[in-house]
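Chemist: Mind folding the following:
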Amino acid sequence: MTNDDERLAPSRGAGFVAKSQLLSEDDVARALTRMAHEIVERNRDLKMVSLIGLQTGGEPIAQRLVSLLGDVAGEAPPLGLLDVSFYRDDLSLNPVPRSSHTVIDHDLTDRTVVLVDDVLFTGRTIRAALNALTDWGRPRSVQLAVMVDRGHRELPIRPDYVGKNLPTSLDEDIKATLEGVWIGTSS
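Modeler: Residues are numbered from 1 along each chain as shown. Have a look, this model is predicted:
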């Protein structure tokens with residue numbers, strides 16, 4: 001990502017104007033490496049783990065985590081991508097959500113699913129993801145990995161693996177990618 005002031009926020013389709021960079025590409029890489037080690041420590045048998053990236057912001061982070069897990073543990077768990085657009089509880093406010101494709105090529109029944117997203121805010125996207133997962137089986141357990149936890153939860157959802165806790169005001173927005181993390185506002 002360049003240092004341009006305007007960045008596209010893919011999760012909402014709105015413009016993002018960065019005020020400052022909070023984490024560099026190296027900081028993000030270190031955080032993801034730490035998270036991969038934490039996932040291995042908590043889940044000794046990666047053969048029964050699936051990483052599911054939430055479209056669209058969680059996809060590159062999940063892909064990198066799968067690669068790192070392969071390096072750390074010698075085996076990479078399967079990766080899936082989950083679109084939660086039509087499971088959201090705000091369809092009455094935004095009746096036509098922008099959707100992506102769900103790609104999960106294995107049954108999640110009796111597996112540990114690690115949901116992966118870029119930024120955790122109110123928790124409503126994760127609630128939608130939990131509902132969507134039921135279409136793909138009944139996981140033994142679900143864990144949550146996020147690059148940034150910015151607080152302001154509206155639902156009782158807590159991540160298991162966090163790259164960085166970055167408390168923000170409600171007026172601020174966070175953009176988290178593999179190239180870095182920025183704070184700014186949506187235009």
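
Chemist: gap between the residue nearest to the spatial centre of the chain and Lys47?
Modeler: In the chain, the residue lying closest to the centroid (C-alpha atoms, centre = their mean) is Asp117, at 0.4 Å. Taking C-beta to C-beta, to the nearest Å as the criterion, Asp117 is separated from Lys47 by 24 Å. All C-beta spots, glycine's among them, are computed from the backbone N, C-alpha and C.

Chemist: mind checking which helix or strand the residue nearest to the centre of the chain is in?
Modeler: Element membership for Asp117, per DSSP states H and E: strand 112-120.

Chemist: that older thread, the residue nearest to the centre of the chain touches Gln55, doesn't it?
Modeler: No: at 9.7 Å, Asp117 and Gln55 do not qualify as touching, with contact defined as C-beta atoms under 8 Å.

Chemist: Touching both of these two, which residues are there?
Modeler: Contact criterion C-beta atoms under 8 Å, 6 or more residues apart in numbering; residues shared by Asp117 and Gln55: none found.

Chemist: Grab the nearest non-local neighbour of Arg80.
Modeler: Just to correct that, residue 80 is Gly rather than Arg. Here the nearest residue to Gly80 in space, its sequence neighbours aside, is Ile104; by C-beta to C-beta, 6 or more residues apart in numbering that works out to 3.6 Å.

Chemist: I meant to write Ala129 there.
Modeler: Val84 (5.0 Å).

Chemist: give the contact list for the one you found.
Modeler: Here Val84 is in contact with Leu54, Gln55, Thr125, Ala128, Ala129, Asn131, Ala132 (C-beta under 8 Å, 6+ apart).

Chemist: Please look at His152 and Phe121 and confirm they touch.
Modeler: Yes: contact status for His152 versus Phe121: in contact at 5.8 Å, counting by C-beta under 8 Å.
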